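1. Give the three-dimensional model of this entry:
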Amino acid sequence: MKNRATHPTPATAATDAGPDAPGRAAPAGRARSPRRLARLLAAATVPALLLTGCFGSDDAGDDDKSEGASESSAASPAPVKFKSLPDPCKAIAAKTVKDVVPGVDKETGKKLKTADQDRYNSCLWTGLDDYDYRSLTVSFHRFESESGGASGDKRAREQAAQLQDSVSADGSNKAIKESKLDGVGDKATGISYDTEKKDGKKSEDYREHRIVVLSSNVVLTVDYSGAGFEGAKRPSADSVRKDAEKVAKEALTAVK
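-> Residues are numbered from 1 along each chain as shown. Predicted structure coming up:
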């Protein structure tokens, strides 16, 4: 096991970099910069789409109210399969977390705040093992049927498509490759890509993989990222893909 550099949690990364790992000198030509590593950790955590509210409206029925709730001709909402969501931080086992996020800050993860945890929730894990960085986000989004409108399943399909398309829509993402993941949910798609994140005059190359799983009226999204800081080698696209798929398969079993 490599010595692990003490590193900040996402909440304190910008101000508290933590000391170097004890008993290990920085590799030749790689001046360890805890402050810079902290900034990179803070900048490379949650995928932007998951925090900007770029999701279909969950306020099913609001439009009906504005148009007159007394309309007797309005069709009843189609029933949905899933009535609740699992806790995203408990959707994968601690062993899995340690396997895919070496040097993880907190095995139980950091639950991200949302307006309605039963409609959308998300959990984040980050870890720095020597110079090897990993970030994992598991998110669930559940849709209800609209009265006289789209079913929960249809709204989930639209959301899944949007999450897939958002990767190619971002011009900073390169080497995008999409693949199908058979036998997972109703439909599962993996998207691998590379991206560069800058810190002042320097930048780091990240290997990313997103998996979008559709299961009736629920969308599961796994975003997994890896990088090698201070010139260390970043993980291969194949290893990132395999770990992301492992997480997706396990997390989906929590949807009941």
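2. Okay, now the sheet partners of the helix or strand where Gly190 lies, with direction.
-> Here Gly190, judged by DSSP states H and E, is contained in strand 187-199. Under the criterion DSSP bridges, strand 187-199 sits next to strand 174-180 (antiparallel), strand 202-215 (antiparallel) in its sheet.
3. show me the contacts for Gly226.
-> Neighbour list for Gly226: 132-135, 206-207, 234-235, 239-240 [criterion: CB atoms under 8 Å, 6 or more residues apart in numbering]. Every C-beta, even on glycine, is put in place using the N, C-alpha and C of the backbone.
4. next one: phi and psi at Leu85?
-> phi -120, psi 150 (degrees, to the nearest 10).
5. how many other residues sit next to it?
-> 22 (other CB atoms under 10 Å).
6. And Ala115, by the same measure?
-> Neighbours of Ala115 (other CB under 10 Å): 8.
7. distance of it from Gln159?
-> Applying CB to CB, to the nearest Å, the value for Ala115 to Gln159 is 16 Å.
8. next one: Leu128
-> Distance from Leu128 to Gln159, by CB to CB: 32 Å.
9. and the two? which has more neighbours close in?
-> Leu128 (27 against 22).
10. Give the rounded mean pLDDT of the strand or helix carrying Gly127.
-> Gly127 belongs to strand 120-129 when assigned by DSSP H and E. For strand 120-129, mean pLDDT rounds to 97.
11. CA atoms only for the helix or strand that it is followed by, dumped as PDB, please.
-> Next helix or strand after strand 120-129 toward the C-terminus (DSSP H and E): strand 132-142. Taking Å, rounded to 0.1, in the frame of the first residue of the first chain, the C-alpha atoms of strand 132-142 are listed here in PDB:
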ATOM      1  CA  ASP A 132      -3.400   9.100  -7.600                       C
ATOM      2  CA  TYR A 133      -6.700  10.900  -7.400                       C
ATOM      3  CA  ARG A 134     -10.200   9.500  -7.700                       C
ATOM      4  CA  SER A 135     -13.600  11.000  -7.500                       C
ATOM      5  CA  LEU A 136     -16.900   9.100  -7.500                       C
ATOM      6  CA  THR A 137     -20.500  10.500  -7.600                       C
ATOM      7  CA  VAL A 138     -23.600   8.300  -7.400                       C
ATOM      8  CA  SER A 139     -26.900  10.000  -8.100                       C
ATOM      9  CA  PHE A 140     -30.500   8.800  -8.300                       C
ATOM     10  CA  HIS A 141     -33.400  10.800  -9.900                       C
ATOM     11  CA  ARG A 142     -37.000   9.600  -9.600                       C
END
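12. starting at the chain centroid, how far to strand 132-142?
-> Computed by CA atoms, centre = their mean, to the nearest Å, the separation of strand 132-142 from the middle of its chain amounts to 3 Å.
13. Direction included, what does it pair up with?
-> strand 120-129 (antiparallel), strand 218-228 (antiparallel).
14. For Lys197, find the nearest of those.
-> Smallest distance to Lys197 across the strands paired with strand 132-142 (CB to CB): 8.1 Å, for strand 218-228.
15. starting at the chain centroid, how far to that closest one?
-> That offset, for strand 218-228, works out to 4 Å (CA atoms, centre = their mean).
16. and what of stretch 77-96?
-> That offset, for stretch 77-96, works out to 15 Å (CA atoms, centre = their mean).
17. Number the residues from 46 up from this point.
-> Yes, from this point I'll number from 46; that puts the last item at stretch 122-141.
18. tell me the average confidence for that stretch?
-> For stretch 122-141, the per-residue pLDDT averages 96.
19. buried sites along it?
-> Neighbour counts using 16 or more other CB atoms under 10 Å place 122-123, 125, 127, 130-131, 133-134, 136-137, 141 of stretch 122-141 among the buried residues.
20. what's the first-to-last distance across that stretch?
-> 38 Å (CA to CA, to the nearest Å).
21. Equivalent analysis for stretch 158-170, please.
-> End to end - CA to CA - stretch 158-170 spans 14 Å.
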